[in-house]
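J.: Okay, here's the prediction I keep looking at, along with the sequence it came from:
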Amino acid sequence: MSGRRCAAKSGRRPPFLLTLVHTSAALLAALSLAITFWTGLDERGTALAFGVLVTVGELSRWTGGQVRVAAPLGAAGALSYALLGAEAGEPTRHGVTQVVTVVLAAALLGCVPHIARGQRGTLDHLARRVLTVAFAAVCFQPLYNQGMSRRWDGPAYALLLLTLLALTALCDAVLAAALAHSRTRWPFGPLLRDELRALLGIGSAVCATGAVMALAVAVVGLWALPVFSLPLLLTQMSFRRYAAVRATYRQTIASLARATEIAGYTPAGHARRVAALGQAVGRDLGLTEPELTVLEYAALMHDIGQLSLVDPVPAGATAGLPAQEQRRIALLGGAVVRQTGVNPQVAMVVERQADPWREQPVAARVVRAVNAYEEKTRDAGPGGPLTALEELRLATAEEYAPEVVEALARVLSRDCLTLPLAG
């Protein structure tokens, strides 16, 4: 019976918010395409130039790892077209629907290779692109066409563009957080906070480049597009290198964590399972991205202190050891982690995972509870997850933080992991 409930849950309809965003983007795109086909394209050379820019940006879209802005050049080009009021001193005539049509067509063309490779998230990416560009165009184009923005000269006009870009970036952050919340059921607040924090990085470069492109094209024409695209491309390359360094760093930590498995001190995959489940619990508790990174690294290396033991702990299960022995292993692990040059916060979490939960930082509380859960469910049969979770709840007075155990229960319930696999 429980297995059928889990299957029904996994095959349920998409969340309402996800459907609403995708439907709104699709309706807006269809309406814009219909109006543009009926009225025709204005200033085809300008539309083609910005379309090529957006296409190139989408073709160079970031495909490695999780990033906030996957195609910064495409985003900057789309926003600059939405906020374009003049070209080489001559007022433009394109409207909101043409902006959406050109950006959508260019984005679809640039996404073809990514779709062919089976890359996920393309539909969400296109929905965000259509809605945010439409938002910027709706805010700017009517004002410009009515002559209001042309009465603003110099710094006032640039300030207007930056204000509209900031509002558009905020709109995009809300959309991104809403889509992630709908797909993962992680809390919306922390997701939105992380999106807003990311605006200080590559997001600010996208907004600045979009404003500069719109201003430059208004003065010198379309020759400004390749000139001002180059800095953003270099910035994107720098971010890719940084992401590659972080990926290598994580792989090194994961390799160190496997030392206990290779030596036979812990079961295969134990550290990876604790890290994955621990991150999910941390997200449910609202931890920030830097805190989640520390939590992941500490979870991967939480058993490394067992390498200093003469006699291995049976099956590597430290949760059942006396408190003093748990603390000794944790301190040994912290000392090993400090020797690796990893972030000192990671070593601190490893050292304090066996302390009384009221004295632990949140990451250490999560590692302690998730490690115990994983050990208790190991080889326990279909009813193991429920039994393990009940044991953790009964021990919240002394050993495990109640809020962490409840967050663990919520994560397991969402993923159907507390239910037996067969009825």
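T.: Nice, I can see it. Numbering: from 1, shown residues only.
J.: Need the nearest residue in space to Leu285, chain neighbours excluded.
T.: Computed as Cβ to Cβ, 6 or more residues apart in numbering, the closest residue to Leu285 that is not its neighbour in sequence is Ala407, at 5.2 Å. In short, each C-beta sits where N, CA and C put it, glycine included.
J.: Pull out the buried residues from the helix or strand hosting His181.
T.: If you go by DSSP states H and E, His181 is part of helix 155-184. The neighbour-count check on helix 155-184 (16 or more other Cβ atoms under 10 Å) flags 157, 160-161, 164-165, 168-182 as buried.
J.: picking up where we left off before, buried residues in the helix or strand harbouring the residue nearest to Leu285?
T.: Using DSSP H and E, Ala407 sits within helix 402-414. By neighbour count on 16+ other Cβ under 10 Å, the buried set for helix 402-414 is Val404, Val405, Glu406, Ala407, Leu408, Ala409, Arg410, Val411, Leu412.
J.: got the residue ranges for the helices in the stretch 151-300 of the chain?
T.: 155-184, 188-198, 204-220, 224-257, 259-262, 270-285, 289-300 (DSSP state H, counting those that start in this stretch).
J.: TSV for those, including mean pLDDT?
T.: Converted to TSV, those look like this (pLDDT from 0 to 100):
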stretch	mean pLDDT
helix 155-184	86
helix 188-198	84
helix 204-220	86
helix 224-257	82
helix 259-262	84
helix 270-285	90
helix 289-300	90
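J.: Ok, which of these comes nearest Ala347?
T.: The closest of those to Ala347 is helix 289-300. By Cβ to Cβ, the value is 8.3 Å.
J.: Next SSE downstream of the closest one?
T.: Next element after helix 289-300 (DSSP H and E): helix 323-339.
J.: any idea of the angle that following helix forms with helix 224-257?
T.: 140 degrees (axes from the mean of the first three to the mean of the last three Cα atoms, to 10 degrees).
J.: so what pLDDT did Thr55 get?
T.: In this model, Thr55 is scored at 92, pLDDT.
J.: where's it, which helix or strand?
T.: Using DSSP H and E, Thr55 falls in helix 44-59.
J.: Contacts for that helix, please.
T.: With contacts defined as Cβ atoms under 8 Å, 6 or more residues apart in numbering, helix 44-59 is touched by 41, 71-78, 80-81, 84, 87, 92, 94, 98, 102-103, 105-107, 109-111, 113-114, 222, 225, 229.
J.: Sketch out the low-pLDDT regions of the stretch 1-150 of the chain for me.
T.: Residue ranges of the stretch 1-150 of the chain with pLDDT under 70: 1-14, 63-70, 147-150.
J.: just the helices in it please.
T.: Under DSSP H, counting those that start in this stretch, the stretch 1-150 of the chain gives helices at 2-10, 16-39, 44-59, 72-82, 96-116, 122-145.
J.: List the buried residues for the third one?
T.: Within helix 44-59, the residues that count as buried by 16+ other Cβ under 10 Å are Thr46, Ala47, Ala49, Phe50, Gly51, Leu53, Val54, Thr55, Val56, Gly57, Glu58, Leu59.
J.: Touching, Glu391 and Thr377? I think so.
T.: No - Glu391 lies out of contact with Thr377 (Cβ atoms under 8 Å); the separation is 10.0 Å.
J.: So between those two, which is more surrounded?
T.: The residue with more neighbours, out of Glu391 and Thr377, is Thr377; 20 against 16, by other Cβ atoms under 10 Å.
J.: got a list of what the more buried one touches?
T.: By Cβ under 8 Å, 6+ apart, Thr377 lies in contact with Gly384, Pro385, Thr387, Ala388.
J.: How about Ala71?
T.: By Cβ under 8 Å, 6+ apart, the contact set of Ala71 is Gly57, Glu58, Ser60, Arg61, Trp62, Gly110, His125.
J.: Contact partners for Ser182?
T.: Counting by Cβ under 8 Å, 6+ apart, Ser182 touches Pro14, Pro15, Leu17, Leu18, Val21.
J.: Now list the buried members of these.
T.: Taking 16+ other Cβ under 10 Å as the criterion, what is buried in these is Leu18, Val21.
J.: The spatially closest residue to Ser60 that is not a sequence neighbour: what's it in contact with?
T.: Spatial nearest neighbour of Ser60, excluding adjacent residues (Cβ to Cβ, 6+ apart): Leu73 at 6.3 Å. The contact partners of Leu73, taken as Cβ under 8 Å, 6+ apart, are Leu53, Val56, Gly57, Ser60, Ser229, Leu232, Leu233, Gln236.
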